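Peer 1: need a 3D model of the following:
(3 chains)
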Amino acid sequence: MRRRLLASSRNLPVFVTLGLFILMFGLGSIAFPGFFAVQNFLNLFIDNSYLLILAVGMTFVIISGGIDLSVGSVLALSGMVTASLLEKAHMSPLFVIPIVLLMGTALGLFMGYLIQTFDLPPFIITLAGLYLARGLCYVVSLFTIAVQDPFFQAVAHAQANIIGNNFLSPGALIAIVVVLIGFFISRYTKFGRTVYAIGGSEQSALLMGLPVASTKMAIYALSGFCSALGGIVFTFYTLSGYGLNGSGMELDTIAAVVIGGTLLTGGVGNLFGTLLGVLVYGIIQVLIVFQGTLNSWWTRIVIGFLVFVFCLLQRLFEARKGATTIGQGIARRTAQASAGK
Amino acid sequence: MTEEIPVLSMKRITKVFPGVKALSTVDFRLFKSEVHAIMGQNGAGKSTLVKVLTGVHQQDSGEILLEGRPIRPDSPLAARKLGISTVYQEINLCPNLSVAENIFAGRQPIRFGRIDWKEMARRSEEILKRLNLVIDVTQILSSYSIAIQQLVAIARVLDISSKILILDEPTSSLDETEVEQLFKVIRSLRNEGLAIIFITHFLDQTYQIADRITVLKNGEFVGEFRTETLPKLDLIAKMLGKELSEFNYAVEKDQRKRPLAFADKDAKNVLTVKDLGLRGSIAPFDLHLNEGEVLGLAGLLGSGRTEMARLIFGIDGANQGEIQVKGKKAAIKSPQSAMMAGMGFCSEDRKNEGIFLDLTVRENIILALQAKNGIFKYITTRKQLEIADEMIKSLAIMTPSANNRAGQLSGGNQQKVMLARWLATSPIVLILDEPTRGIDVGAKLEIMELILDLSRQGMGVIFISSEFEEVVRCSSRIAVLRDKVKVAELDGENISEASIMHTIAGGN
Amino acid sequence: MISWKSLRRSNILWPLIALGVLLLFNLFFTPHFFRLEIKEGHLFGNLIDILKNGAPIMLLSIGMTLVIATHGIDISVGSVVAVSAGAVAILIGGDLAGNPKYPIAVAMIAALLVCTAAGMWNGMLVSRVRMQPIIATLILFVAGRGIAMLFTNSLQLWLYAKPFAILGQGYVLGLPFDIYIVAFVLLFTYLFTRRTAVGMFIEAVGINPTAARLSGINANNILFWVYTFSGLCAGIAGLIVCSTVMNADGNNAGRLFELDAILAVVLGGTSLNGGKFYLFGSVVGALIIQTLTTTIYAFGVPADVAPVVKAFVVWAVCLLQSQRFRSRIARVFVRREASA
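Peer 2: This next block holds a predicted model:
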């Protein structure tokens, strides 16, 4: 399998991302003292744990050829509901966490149902989901709710020591576990492979007898679950619920997934690339903080530029493989003629 | 094959859709170890019959017996479970997955709760060996040719379980070598005992591969024949519902109407192509075309005819050579500039490159003319209707009105609409790429008659067809292509199917 | 055949009916909804608010309609609105006495040029580089806000130059000034697309780009200019937004506008798959969205909760436009009739 990984040109984008990350980390280490530290690397996981979780769910959705614009808002809603149930209703985290996870999954499943059963465009349906979750945040509360629940407080300050004095937060650990589980699902389960099949050709997947309908709904449910889990982890991180949280996060998530080598057209992508994409996203922000003088909006511009470069690469890659609309005829015929000889 | 109980028996199948009787008491028998072709023109009911068998539709009356037991599959999945599998013309596999994964999609081998990739690869190689195919099963499907993808599709359905294998137009995208490869596989599967239904409109291939032929016409059963006892002309006659003598007469009549066999010395030159070529597409070639000439491009699939047309019309940019229209050098760098120079082009891929399904017939017809006029010289709706109605009449396009959606028209009429679009621009040179493909015999004759008409009116026509017979019938000269090279031109008495085939087959 | 005809006709009737239903609802349930007064020399009331507040989205939806008609999408318009606001604000300047750094007209034109350039950038990515529209416009979506904040130096820039306020706050003949802008742009776009061949070419490119090219249409040009035009519309909308509140907030200006614009186009009957487009339908769609929002405010529901209602409206509209949903409903009725 390793030979196949290296040999397959499809994996090239992931290696580009890896190279990019190493390059950035290297540049930072040279330019800024104190940058080259294990904790600095681990902080990437701690500070972006919620994004990583969101990105896992989003990766599955995008591989299947769809998109989920509601992830940021569901994250915020989950945080809001968590905070509200903990502080206003005084419920125990033991109940709150499963309830919130269920809520996110249910919303995702509902959207998946609409998309699949009535053949509706995912862009619009999840966009409405974004509206709904955002609005519901403010129905719960117009203002921030601080979380003082002891369990959450403990988790927020907990540190899991690994490699000497360096630590990871529970949120980061959860995120890593989610990535690993996601990787296993994508590579070793029928569900995961069906996702790829749907992304490659939904019609073929149907004709091959694959459970397309249930898989598609499950993908959105999974994304909803990840959004809710991301919201809970985010609450660990910020110890508050607030309606403006996660604003624009869906685009950050999509950007990270794209930078990680997943094609927005579907059918191609993997979780390892997504992990790298989130790390690249994280390291840009760290570089800017270390730089000190640049304002944080430069992050937006750099991310936008990276997305541009990666999409350009994907486009050139596709063009070389003869996937342009007009050139398709020639490429197909030439390939046939040469294969037939 | 011995006359035993047929493995499949469809009796008096009737299927009615709103407004159309697709099948009317049709019988069909299939035995083990045979290749059985179903033939008929468009509208004969071939695909409906297959859809009933594979569970897409259910018959209104009649019964289906599989190995003597009545069945009524209510979905493709149910049909597959019964052992009836289909491989369609569009390879219904996932191009982004590996060959092995495509074969085992949905039923991957599991070990310790996870997919066993090694086992999947091993078993895939075994299955493909049965079809005489040895390839790297871990590469993704789209890196292989259509011919190989098709064999993978066949391998998949066979492995799942098959008593009956249905092949729907399997050779449309294959070249001759690939067709022969496929036929070898089909024959060996047949000899193993498989019952195969083969749907095609290529007459020659039917005679090469089929043991038995069932002919349908207009939803009715015409007859079931052993291939060796049915001469080709008889088959065609039965498909057309004509008497043999009638058909012979038609051929003779056409011969007399053929365009000038010898180039009229006074005819003006409308198109000259010198040394036009594109690396990776086609070798540099020369062409010339005079007024009123029909230049046929003949060759096998993959010989470069469409590539030639696309270079002349500016769809693909040539990297050498020049084109002259009416004696003047023309810079053809896009379809737009080709059109402005007086050319027109009907693509072979009607659906994806020709017809705007959601626009009206009227809009489809005037679109190129409007593009020629530019943005500001808008053709008013009234004028559009005028032009469209005229075209509808002169080309006999069957549509309730010019304001109907083009997507509602049949294949043959859509082809005529495409033709109308370019005729409306009054081109000097008209390039037609496979205008008769995929339409019924009646419409085919109409279009060929039209080509002859156009040439009589002085238009220069370049005519591409895979049916040598058609090229012979319509052309005043024929350019023969082989393997992306123009090898020769035939004219006068040399215009015949035999000489085309000799030219292609013959050495350098 | 019959169902297709009524589908076509319904594409234009449906949004008007929806708007009518909303207005009817307000007629019965919202006190004083239709009241119009004359205050300070101009008309005043809920209906006027709808027209005024809806102007930016109406403008965006005009440009978006043409983009969607080519089977594309432009999700950068919200960020471009912010860019426009930021650009014009920085050129006018926040001088407390109201003296503009550059003449207001120059500032406005410069802002529009920047936004047109942004549109050209999108157009180039889609038509020359052949990127998928959602990906191509994603770039400006992400980066645009950064650029807007670059202009305003990440602060909210307050403006005091009075003449500039006319754009978003002025009234002519009793009606808000920005409505005239919308009417002008709408009329111009309608005439340009329907009295020339541009409209037909746009639809052809949306339905079948390959066939369009082969028919001699310069599809690349069409694509390039529709995205440019969308950028221009966003620029004009940005000027209005900035003028209405007299400040440019790079972070929040135009937030979620693209979604509203897309929704307006979809409500107006244009299909997301491209092809036939309906400019007036899109504007009606924008009015529907605005009326909905105003209705919600009139009921005392906090503004931030309005999206919840919008969500259900979107889902309902999508279902109603879905062929599969309609067949299912039809089957339910047929069964009822059969059993009755």
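Peer 1: not including adjacent chain positions, what is the nearest residue to residue 93?
Peer 2: Here I'm looking at chain A. Nearest non-adjacent residue to residue A:93, counting by CB to CB, 6 or more residues apart in numbering or on different chains: residue A:151, 4.5 Å away. From N, CA and C alone the C-beta is placed, and that goes for glycine too.
Peer 1: my question was about chain B
Peer 2: Leaving aside its chain neighbours, residue B:93 sits nearest to residue B:102 (4.5 Å; criterion: CB to CB, 6+ apart).
Peer 1: mind checking which helix or strand the residue nearest to residue A:93 is in?
Peer 2: Assigned by DSSP states H and E, residue A:151 belongs to helix A:150-157.
Peer 1: ok, residue C:38 next?
Peer 2: In this assignment (DSSP H and E), residue C:38 forms part of strand C:37-39.
Peer 1: sheet-wise, list the partners of the helix or strand immediately after that strand in the chain with their directions.
Peer 2: Next helix or strand after strand C:37-39 toward the C-terminus (DSSP H and E): strand C:42-44. Partners of strand C:42-44 in the sheet, by DSSP bridges, are strand C:37-39 (antiparallel).
Peer 1: contacting residues around the strand it pairs with?
Peer 2: Strand C:37-39 has contacts (CB atoms under 8 Å, 6 or more residues apart in numbering or on different chains) with C:43-45, C:174.
Peer 1: would you turn those residues into CSV with pLDDT and neighbour count?
Peer 2: Formatted as CSV, the contacts of strand C:37-39 follow (pLDDT from 0 to 100; neighbours: other CB atoms under 10 Å in any protein chain shown):
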residue, pLDDT, neighbour count
C:43, 74, 16
C:44, 75, 16
C:45, 77, 15
C:174, 76, 12
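Peer 1: now, which of those sits nearest chain B?
Peer 2: Closest approach to chain B among those (CB to the nearest CB): residue C:174, at 36.7 Å.
Peer 1: that closest one contacts residue C:42, correct?
Peer 2: Yes: using CB atoms under 8 Å, residue C:174 makes contact with residue C:42 at a distance of 4.8 Å.
Peer 1: so which strand or helix has the residue of the stretch 51-200 of chain C found nearest chain A?
Peer 2: At 2.6 Å from chain A, residue C:143 is the closest residue in the stretch 51-200 of chain C, using CB to the nearest CB. Counting by DSSP H and E, the element that carries residue C:143 is helix C:133-151.
Peer 1: ok, and for that helix, which residues are buried?
Peer 2: Burial within helix C:133-151, assessed by neighbour count using 16 or more other CB atoms under 10 Å in any protein chain shown, is assigned to C:133-151.
Peer 1: against which helices or strands is the helix holding residue A:151 packed?
Peer 2: Here helix A:150-157 touches helix A:212-238, going by 3 or more CB pairs under 8 Å, 6 or more residues apart in numbering or on different chains; DSSP states H and E.
Peer 1: starting at the chain centroid, how far to the helix it packs on?
Peer 2: Chain-centre distance of helix A:212-238: 10 Å, with CA atoms, centre = their mean, to the nearest Å.
Peer 1: ok, residue B:186 - how many residues close by?
Peer 2: 21 (other CB atoms under 10 Å in any protein chain shown).
Peer 1: let me fix that, I meant to ask about residue B:135.
Peer 2: Using other CB under 10 Å, residue B:135 has 15 other residues around it.
Peer 1: do the same with residue A:201
Peer 2: Residue A:201: 23 neighbours (other CB under 10 Å).
Peer 1: mind listing what it touches?
Peer 2: By CB under 8 Å, 6+ apart, the contact set of residue A:201 is A:267, B:92-96.
Peer 1: element containing residue B:356?
Peer 2: Going by DSSP H and E, residue B:356 is not in any helix or strand.
Peer 1: just the pLDDT for the residue in the stretch 201-340 of chain C that chain B sits nearest to.
Peer 2: Across the stretch 201-340 of chain C, the shortest distance to chain B (CB to the nearest CB) belongs to residue C:216, at 3.7 Å. Note on residue C:216: pLDDT of 92.
Peer 1: can you count the residues close to it?
Peer 2: Residues lying near residue C:216 (other CB under 10 Å) number 27.
Peer 1: tell me if I'm right that it and residue B:339 touch.
Peer 2: Yes: applying CB under 8 Å as the test, residue C:216 and residue B:339 come out as touching, 4.0 Å apart.
Peer 1: any chance of the contacts of residue A:201 in TSV, with pLDDT too?
Peer 2: TSV is the format used below for these (pLDDT from 0 to 100):
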residue	pLDDT
A:267	91
B:92	86
B:93	93
B:94	94
B:95	92
B:96	92
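Peer 1: with respect to chain C, which of those residues is nearest?
Peer 2: residue A:267 (13.7 Å).
Peer 1: distance of that closest one relative to residue B:76?
Peer 2: Applying CB to CB, to the nearest Å, the value for residue A:267 to residue B:76 is 23 Å.
Peer 1: before we move on, what about residue B:323?
Peer 2: The value you get for residue B:323 to residue B:76, if CB to CB is used, is 50 Å.
Peer 1: these two: who's more crowded?
Peer 2: Just comparing residue B:323 and residue B:76: by other CB under 10 Å the higher neighbour count belongs to residue B:323, 22 against 18.
Peer 1: where's the more buried one, which helix or strand?
Peer 2: Secondary structure (DSSP H and E) places residue B:323 in strand B:320-325.
Peer 1: for the stretch 251-400 of chain B, which segments count as helices?
Peer 2: Along the stretch 251-400 of chain B, counting by DSSP state H, counting those that start in this stretch, helices occupy B:305-312, B:335-340, B:350-353, B:361-373, B:381-395.
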